[in-house]
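Asker: coords please:
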Amino acid sequence: MITVTRAAVREDGRHLARLSYCGEVITLIAPDGSRPGRIMPAGYLTGERRKGLYEAWTAKHPMVYVPSDKIITESPMTLEQCAAFILGTS
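Answerer: Residues are numbered from 1 along each chain as shown. Okay, here's the model as predicted:
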């Protein structure tokens, strides 16, 4: 089971990623320094926020947000579900 704290994503005590915040945008940073994806609040770009739900995005260019990144989830998820989706865990 994935656990998301303010600073990290862990699974069964194993460190999977560090979280980096820029406003409400969260970038996942893997132990090897790669950035497998971002998590944004659902509706972040349209201004139609959905409280407690998030969308997974690519992190193709870590220092540039949109339009270089693309949404990779079909529907909004919880924070933990987004992190698991991006990291490819169950």
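Asker: going forward, measure contacts and count neighbours with C-alpha atoms only.
Answerer: Fine.
Asker: now the helices for the chain?
Answerer: 79-87 (DSSP state H).
Asker: okay, now L53: neighbour count?
Answerer: Per other CA atoms under 10 Å, the neighbour tally for L53 reads 18.
Asker: looking at it, it is touching S75, isn't it?
Answerer: No - with contact defined as CA atoms under 8 Å, L53 does not reach S75; the gap is 9.3 Å.
Asker: separation between Q81 and M1?
Answerer: Q81 sits 10 Å away from M1, going by CA to CA, to the nearest Å.
Asker: neighbour count winner among the two?
Answerer: Counted by other CA under 10 Å, Q81 and M1 do not tie: Q81 has more neighbours, with 20 against 10.
Asker: look up the closest residue to G43, ignoring the ones flanking it.
Answerer: R49 (4.4 Å; CA to CA, 6 or more residues apart in numbering).
Asker: with M40 instead?
Answerer: Per CA to CA, 6+ apart, closest to M40 is V25, 5.0 Å.
Asker: surely the one you found and R38 touch.
Answerer: Yes - contact criterion CA under 8 Å: V25 and R38 qualify, at 6.9 Å.
Asker: more crowded one of these two?
Answerer: Using other CA under 10 Å as the criterion, V25 and R38 rank with R38 on top: 28 against 16.
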